[in-house]
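# Okay, predicted coordinates and the sequence, questions at the end:
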Amino acid sequence: MELLQQFYHSTGFYLVTYKHIIMILVGLLFIYIAIAKHYEPLLLVPIGFGILIGNIPILYGTQIGVYETGSVMNYIYFGVVKGIYPPLIFLGIGAMTDFSSLISNPKLLLLGAAAQVGIFITFTGALFLGFTPAQAGSIGIIGGADGPTAIFLASKLAPQLIGAIAIAAYSYMALVPVIQPPIMKLLTTPEERRIRMKPPRAVSKIEKIVFPIIAFLVCTFIAPASLPLLGMLFFGNLLKESGVTERLANTARTSLIDIITILLGIAVGASTQADVFLTGDSLKIFALGALSFAIATAGGVLFAKFMNLFLKEKINPLIGAAGVSAVPDSARVAQMVGNQEDPDNYLLMHAMGPNVAGVIGSAIAAGILLSTLGKLVVH
């Protein structure tokens, strides 16, 4: 009877709390919207199941939990805490990305930069709510809608908040088709949404090869701390465009990024243990993340309207919303909203310009925050 009692006291049925139940329901919700709604399934299915893994009640000291040194889950989580996974994700993204639309129309880079305004406004809001400058910087980067960048910066500045920041970033990335359209429609008129843009010019092979090299040098000289992310992004793109490393490019954009996505998703989900994750700070992070994402979307749209004051060939302001770096979902949203006004208006290729610029912009913003606030963490 004593052995049976000890066994019962070690089961999840005995150890479970209402917080575990809440987090398990959150994990099931992630899995449901990924499968039923097709919102970022490659991310939300691993994260959702990771939340289930992280919230099975366990006895501490058995070296099972993600936060227990020496456990298998802790070793997997090591890649998150040390910022190993995000650069590898960027390598795969670079090997998938076609920068032609940005190269053919460089002024679209400004829309990617304008969308980063949400990062710095949210940084101020987080300071107001009592977060430290380092924590505020990590929270603000959620507005870039770039999960790997958010995880990378949080791993350096606020590792204790990685779980909440990562879940918030990926949640809002998945909800791009829900969050962005109302903001885009509110800030534009039907006439603006019907603006047609000229097809992008053809980009030469030489331009495609030279671009990642020059962009890497310029961007990392501006923000050297963005080197791990942008170095891998542009390296992956060079593998793709060089024409002589197709095997490496194919591995980076398929097998490698798939493996890292699985490990990253499971580790991030498992880090949301109820006793660590369900805090007042987590709720604040989710609220600030939503604010950051909304401001970033609005910033891109409004800046496109501002640019139109000086341009002879007008830009459809909808593509400004693609300045957040949720590639390619925010570009698809611009196409979708534009088609609602004009079914024959094709904005996708134009929207990809600010979309990939947003990836670069959020990485540069992360580098600026890391170089500025990292010193405070060290001290």
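In hand now; what should we look at? Small disclaimer: the values here were computed from a predicted structure and weren't measured.
# which stretches of the stretch 201-350 of the chain aren't confidently modelled?
Judged against pLDDT under 70, the stretch 201-350 of the chain has no low-scoring part.
# residues making contact with the host helix or strand of Thr261?
Here Thr261, judged by DSSP states H and E, is contained in helix 257-270. Residues from elsewhere that reach helix 257-270 (Cβ atoms under 8 Å, 6 or more residues apart in numbering): 27, 30, 42-54, 66, 73, 76-77, 79-80, 85-86, 88-89, 91-93, 95-96, 148, 151, 162-163, 166-167, 170. From N, CA and C alone the C-beta is placed, and that goes for glycine too.
# Which positions in it come out as buried?
Ile257, Ile260, Thr261, Leu263, Leu264, Gly265, Ile266, Ala267, Val268, Gly269, Ala270 (16 or more other Cβ atoms under 10 Å).
# so which of those comes closest to Met307?
Ile257 (33.6 Å; Cβ to Cβ).
# Now do the closest one against Pro87, distance only.
12 Å (Cβ to Cβ, to the nearest Å).
# How about Val324?
20 Å.
# okay, the two: which has more neighbours?
Taking other Cβ atoms under 10 Å, Val324 and Pro87 do not tie; Val324 has more neighbours (35 against 20).
# Going by neighbour count, which residues of the longest helix along the chain are buried?
As assigned by DSSP state H, the longest helix anywhere in the chain is helix 348-378. For helix 348-378, the neighbour count (16+ other Cβ under 10 Å) marks 348-370, 373-374, 377 as buried.
# what packs against it?
helix 100-104, helix 109-114, helix 117-128, helix 133-140, helix 147-157, helix 205-222, helix 227-242, helix 329-341 (3 or more Cβ pairs under 8 Å, 6 or more residues apart in numbering; DSSP states H and E).
# for these, which one sits closest to Tyr8?
Per Cβ to Cβ, nearest to Tyr8 of those: helix 147-157, 38.2 Å.
# Just the CA coordinates for the helix or strand following the closest one, please, in PDB.
Once helix 147-157 ends, the next helix or strand along the chain (criterion: DSSP H and E) is helix 162-174. What follows is helix 162-174, C-alpha atoms only, in PDB (Å, rounded to 0.1, in the frame of the first residue of the first chain):
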ATOM      1  CA  ILE A 162      12.100  33.600 -23.700                       C
ATOM      2  CA  GLY A 163       9.000  31.400 -23.400                       C
ATOM      3  CA  ALA A 164       6.500  34.200 -23.200                       C
ATOM      4  CA  ILE A 165       8.200  36.300 -25.900                       C
ATOM      5  CA  ALA A 166       8.500  33.400 -28.300                       C
ATOM      6  CA  ILE A 167       4.900  32.300 -27.800                       C
ATOM      7  CA  ALA A 168       3.700  35.800 -28.300                       C
ATOM      8  CA  ALA A 169       5.800  36.400 -31.400                       C
ATOM      9  CA  TYR A 170       4.700  33.100 -33.100                       C
ATOM     10  CA  SER A 171       1.100  33.600 -32.100                       C
ATOM     11  CA  TYR A 172       0.900  37.000 -33.800                       C
ATOM     12  CA  MET A 173       2.800  35.600 -36.800                       C
ATOM     13  CA  ALA A 174       0.200  32.900 -37.200                       C
END
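# so what does helix 162-174 touch, helix or strand wise?
Under the contact rule (3+ Cβ pairs under 8 Å, 6+ apart), helix 162-174 is packed against helix 41-54, helix 72-81, helix 147-157, helix 257-270, helix 274-277, helix 280-308.
# give me that answer again for 7 Å
Secondary-structure packing of helix 162-174 (3 or more Cβ pairs under 7 Å, 6 or more residues apart in numbering; DSSP states H and E): helix 41-54, helix 147-157, helix 257-270, helix 274-277, helix 280-308.
# Which of the ones you listed has the highest mean neighbour count?
helix 147-157 (a mean of 28; mean count of other Cβ atoms under 10 Å).
# one step back: just want the angle from the longest helix of the chain to helix 133-140.
Interaxial angle of helix 348-378 relative to helix 133-140 (axes from the mean of the first three to the mean of the last three Cα atoms, to 10 degrees): 160 degrees.
# what angle sits between helix 348-378 and helix 147-157?
Using the same axes, to 10 degrees: helix 348-378 against helix 147-157 is 10 degrees.
# Start at 55, not 1
Renumbered: residue one is now 55, and that last one reads helix 402-432.
# separation between the residue nearest to the spatial centre of the chain and Leu207?
For the chain, Asp200 is the residue whose C-alpha lies nearest the centre (Cα atoms, centre = their mean; 1.7 Å). For Asp200, the distance to Leu207 (Cβ to Cβ) stands at 10 Å.
# Next: Arg255.
In terms of Cβ to Cβ, Arg255 sits 35 Å off from Leu207.
# what would the helices and strands packed on helix 402-432 look like in JSON lines with distance to Gln60?
Formatted as JSON lines, those follow (distance: least, Cβ to Cβ, whole Å):
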{"stretch": "helix 154-158", "distance to Gln60": "63"}
{"stretch": "helix 163-168", "distance to Gln60": "59"}
{"stretch": "helix 171-182", "distance to Gln60": "45"}
{"stretch": "helix 187-194", "distance to Gln60": "41"}
{"stretch": "helix 201-211", "distance to Gln60": "39"}
{"stretch": "helix 259-276", "distance to Gln60": "57"}
{"stretch": "helix 281-296", "distance to Gln60": "47"}
{"stretch": "helix 383-395", "distance to Gln60": "50"}
